[in-house]
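In: here are the coordinates; sequence isn't available:
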């Protein structure tokens, strides 16, 4: 297999590595789905996948086509109604990591999947919360995966669907939001984390051959860089094989 | 089969007849259990039996030894956890009739199964509510079966476990208690119903060969009699056969 | 006692113009057969409730059936946007669409409150989200047992719920396996219930495994048998999701003209679901999964 | 990951003096094996939670294990009173017993709130009852959506739940059929969970029927295998209730002396549950039910 990789493949592999050591991940729709399945098939075979559709301990035989695909049910540890899933798993505090996508995410990690523009009269109507609002509130850690662009990274989102660190600093803690909030944002150009004090996003890792200028050009505010900016490790041959042969042979997510 | 019958058999058969026309009965512990099973096996084969243990549509192959007997599960229409049973069946308002026993019941149909004497320092500690408190609150109709005695029929119960008509009149409606409250009390000597206005118990039917004096001697207040007091029909041969051969061959409830 | 009847009769008699209707099923057991019959009968002014409006409500919105949407995620799952939904919200075509919007957990909670006849249901969500700012049904109250505050939502009690399932008996006792979504809660929450099943089975089959009965006949008004009635969504153990169709819908629905042509061909132009299944036959047969049986368990005979 | 271990070790390591302990199971799946082990290890000052204290807590109260009871029905079901419970309440023998008393629905609601980590749970009960007068945990609040008032109860979060079940795998994923009572809610509500099963099965058996898994291994600390561990209560499909014993208990428990003699013979005098089963063998074999199998259903293989 060729060792060349696409930026999406790098992003997916880097995101999956964030799940190392996690026990239970709540899997969001879209990119998070391939990321969590890659983690389970590579370095984290014991990772328990939870789908809001009502599944704990999924071992999908194929990449689920949606987050309610029958393949997440067959062979799972437990399949239940959504009432139990939301109350006894998520609200109970059993989920280590929630993995979300984002149409817009701002400098404090607040996520918008509701509207671009005004709520009552939107320029673009997005799908809405799904389970993201409560995942963002209740999971201990939140990881976000989305492609970097000025449109997706405005200084302030038009609508907070899923709260991140709100206005930054201790805003989230002051409101008694239970979970720890966003921890990392994995993009196709870099990885961003949140400053301990201000809770503002910082670039902590650049993907190989990506410059600071490229990153800044795709973010809607003057982005800060960590004191030490790492270079994101490239995907391993095994990761690429899993993505290309098992998870996304059509390349819908990864080309 | 002999046509002679015990007072208990008469009581059970008379109680079962109160269920004619009912669609769904919530079956209480003890005597109500044999009564509801007799109704299903005789005149009301379509009667759906609901057990608080978590069963809808039971068709017990034997008289259940308790209200959680495995025989109520096997062959039932639906078996579920108690959370669903209480919330989606009882609280949802699906139950026509709740059939209860009573250690004490007073002139307004309030039931005590908690303590004789003072709550903090009781003379006799009884088992408590079980599901009776909510059955009494939520079922459209309440039927009670218990043997007549001065001890069991005080003017005022020591403790209201399960609300009947409270202080009588419109006291129950004023408090917005959802169900209609007690409708009839079937005893081993007579049947009592509740006056439309005062909601006080009245004797409406005497069992054969029972006198008004006998009834009064076993009730703790000056009991009223309806303008027309009927004579309770005797059990049919079929009812006696069902009780003796199928439901209670050892005569635990019916001798 | 429910009636075993046709979808035509069930929709005609139990769904009225102006009703609040929930066709539920979370990615699984989505009753497209009922949606098409509602479109075909030209019902109007419906308030449609569903966690995920999905293609099914996209079609109903496009057909002009829907006045208001109660929902929590309006996307084409795994594909992208819902185009008819977006045209209705962004441009008011073919008619304006009122929105009553929740998160999944919030709408699940509304169904639970509706099913349990509670005046509200508490959930730990929404703190810091803007959703409560645009929906007055998301309120915060104080616990009487301490300092905790908690959000609450009001009950949802649709006029009609339409629920697809694997099987039922003629008494309406209905069994589901795989993802149950909110099928049970939506059924208990609603005033009238239509159950659409892949298979009508003897009561003895249902009663041999009572733990799988999620909807009792007691609350069911009509039982309809429609094999493949959930296509292009899926039924666990019976058929797979027709993912290609979800992708095609993105193209079909981009223009009003192509969408209407699709409705003409596949809904208005067909008499009933049987005609749809006939026309779709070759495609459907490819959706059969392999076998994966649950081992039988023993309930025991207690005489 | 839970440990597969012995009851001796699970009780020794996970149940501490002073703990709040829930051994649940509504008439079904009552883990007498665990109760006897707790008595044998002379645990003290436990707060015991259970809808129906039943014979199992009557024995624990008599043995001096219990300081406080959280309950909703303290009778010998189908037989009459619980004698040791009554002596404790009426006479303070062998020690006074604090009571925290609910109705069934109220205690079910406390477990739900505990499992869902809610600050309270609403239920429509108690209006007109004297129970709220003697229990400050039964409060009434106002709905923010109208004039409705509703009673609420606070969460119950035991230190340990001990739950009997038909089967589990070594990862602790646990399946129950028949009456589920509050097994699921009690498990999720508790800080530690011990699951006691009739049979340890391969993970593939559990995963072949995931809808029956009520307790995920994620929340389980110990899995113990004790066939007949629920005797004299029953396990659906495995054995019937030993009703004769429930009746005998009424006689055994009437006098402290006979009750203590019974504890000496059947609890203190035996090393473990295996010894109990050995000594009870002839009686147990008569409790096997006939067969009543649920037909296998197909989850489908989706590759």
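Out: Perfect, I can see it now. Quick caveat: nothing in here was measured; it's all calculated off a predicted structure.

In: Which elements pack onto the longest strand along chain A?
Out: Ranked by residue count under DSSP state E, the longest strand found in chain A is strand A:224-231. Here strand A:224-231 is seen to pack against strand A:201-206 when contacts are counted using 3 or more Cβ pairs under 8 Å, 6 or more residues apart in numbering or on different chains; DSSP states H and E. Any C-beta I mention is one placed from the backbone N, CA and C, and that applies to glycine too.

In: Give the pairing partners of the strand it packs on; include direction for each.
Out: In the sheet, strand A:201-206 lines up against strand A:190-194 (antiparallel), strand A:224-231 (parallel) (DSSP bridges).

In: Report the mean per-residue pLDDT for the last one.
Out: Taken as a whole, strand A:224-231 has an average pLDDT of 97.

In: So what touches it?
Out: Residues outside strand A:224-231 that contact it (Cβ atoms under 8 Å, 6 or more residues apart in numbering or on different chains) are A:193, A:195, A:200-208, A:212.

In: do that again at 10 Å, thanks
Out: With Cβ atoms under 10 Å, 6 or more residues apart in numbering or on different chains as the test, strand A:224-231 has contacts from A:107, A:190-193, A:195, A:198, A:200-210, A:212, A:215-216.

In: Just the buried ones from the residues you listed?
Out: Burial by neighbour count, 16 or more other Cβ atoms under 10 Å in any protein chain shown: within the contacts of strand A:224-231 this picks out A:107, A:190-193, A:200-207, A:210, A:215.

In: Looking at the residues you listed, spot the one nearest chain C.
Out: Taking Cβ to the nearest Cβ as the measure, chain C sits nearest to residue A:107 out of those, at 15.5 Å.

In: contacting residues for the closest one?
Out: So, once contact is read as Cβ under 10 Å, 6+ apart, residue A:107 ends up touching A:153-157, A:164-165, A:168, A:192, A:194, A:198-202, A:219-224.

In: What parts of the stretch 151-255 of chain A come near chain C?
Out: For the stretch 151-255 of chain A, the residues in contact with chain C under the definition Cβ under 10 Å from any Cβ of the partner chain are A:157-167, A:171-172, A:175-178, A:181, A:252.

In: Go again with 6 Å.
Out: By the rule Cβ under 6 Å from any Cβ of the partner chain, the part of the stretch 151-255 of chain A lying against chain C is A:159-160, A:163, A:166, A:175, A:177.

In: So which of those residues are in strands?
Out: With DSSP E as the criterion, strands contain none of those.

In: any chance of those residues in TSV, plus neighbour count, distance to residue D:111 and pLDDT?
Out: Rendered in TSV, the data for these read as follows (neighbours: other Cβ atoms under 10 Å in any protein chain shown; distance: Cβ to Cβ, whole Å; pLDDT from 0 to 100):
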residue	neighbour count	distance to residue D:111	pLDDT
A:159	24	37	98
A:160	23	34	98
A:163	28	30	98
A:166	23	34	98
A:175	13	29	95
A:177	23	26	95
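
In: And the helices in chain A?
Out: Assigned by DSSP state H, chain A shows helices spanning A:7-17, A:31-41, A:82-84, A:132-138, A:171-174, A:212-217, A:237-241.

In: Between these, which one is closest to residue D:243.
Out: Proximity of the helices of chain A to residue D:243 was assessed by Cβ to Cβ; the nearest stretch is helix A:82-84, lying at 33.6 Å.

In: and for that closest one, what are the contacting residues?
Out: Counting by Cβ atoms under 6 Å, 6 or more residues apart in numbering or on different chains, the neighbours of helix A:82-84 from elsewhere in the structure are A:54, C:108, C:112, C:181-182.

In: Mean neighbour count, the helices of chain A: which tops it?
Out: Looking across the helices of chain A with neighbours counted as mean count of other Cβ atoms under 10 Å in any protein chain shown, the highest average goes to helix A:132-138: a mean of 29.

In: Do a quick rundown of the helices in the stretch 51-200 of chain C.
Out: Remark: helices assigned in the stretch 51-200 of chain C by DSSP state H, counting those that start in this stretch are C:54-62, C:83-91, C:104-116, C:131-134, C:183-189.

In: Tell me what angle the second one forms with helix C:54-62.
Out: Using axes from the mean of the first three to the mean of the last three Cα atoms, to 10 degrees, the inter-axis angle of helix C:83-91 relative to helix C:54-62 is 50 degrees.

In: buried set for helix C:83-91?
Out: Neighbour-count burial for helix C:83-91, with 16+ other Cβ under 10 Å as criterion, is recorded at C:83-90.

In: between those, which is nearest chain D?
Out: Distances from chain D to these, taken as Cβ to the nearest Cβ, are shortest for residue C:89 (26.2 Å).

In: Quick check: the gap between the closest residue in space to residue A:217 that isn't next to it in sequence and chain B.
Out: Leaving aside its sequence neighbours, residue A:217 sits nearest to residue A:150 (Cβ to Cβ, 6 or more residues apart in numbering or on different chains; 7.7 Å). Remark: distance between residue A:150 and chain B (Cβ to the nearest Cβ, to the nearest Å) = 49 Å.

In: My read is that residue A:150 contacts residue A:220, right?
Out: Yes. The pair formed by residue A:150 and residue A:220 meets the contact definition of Cβ atoms under 6 Å, at 5.0 Å.

In: and those two? which has more neighbours close in?
Out: Regarding residue A:150 and residue A:220, a neighbour count based on other Cβ atoms under 10 Å in any protein chain shown identifies residue A:220 as having more, with 16 against 11.

In: and residue C:237, helix, strand or coil?
Out: Secondary structure for residue C:237, judged by DSSP: H, G, I helix; E, B strand; the rest coil, is coil.

In: what about it, how many neighbours?
Out: Residue C:237 has 23 neighbouring residues, counting by other Cβ under 10 Å.

In: contacting residues for it?
Out: Contact analysis of residue C:237 by Cβ under 6 Å, 6+ apart lists D:298-300.

In: How about the contacts made by residue 240?
Out: With no chain named, the answer covers chain A. Contacts were defined as Cβ under 6 Å, 6+ apart; by that measure residue A:240 touches residue A:5.

In: you looked at the wrong chain, it should be chain C
Out: Contact criterion Cβ under 6 Å, 6+ apart gives C:234, C:287, C:289 as the residues in contact with residue C:240.

In: ok, the last one - contacts?
Out: Neighbouring residues of residue C:289 by Cβ under 6 Å, 6+ apart: C:240, D:300-302.

In: Without its sequence neighbours, what residue ends up closest to it?
Out: residue D:300 (3.4 Å).

In: Kindly report the same for the first one.
Out: Leaving aside its chain neighbours, residue C:234 sits nearest to residue C:241 (4.2 Å; criterion: Cβ to Cβ, 6+ apart).

In: quick one: pLDDT of the one you found?
Out: Here the pLDDT value assigned to residue C:241 is 96.

In: Just to be sure, it is in a strand?
Out: No. For residue C:241, which was evaluated using three-state DSSP, the result is coil, with no strand membership.

In: about what we covered before: how about the helices of chain A in a markdown table, adding mean pLDDT?
Out: Shown next, in a markdown table, are the helices of chain A (pLDDT from 0 to 100):
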| stretch | mean pLDDT |
| --- | --- |
| helix A:7-17 | 97 |
| helix A:31-41 | 95 |
| helix A:82-84 | 98 |
| helix A:132-138 | 97 |
| helix A:171-174 | 96 |
| helix A:212-217 | 98 |
| helix A:237-241 | 96 |
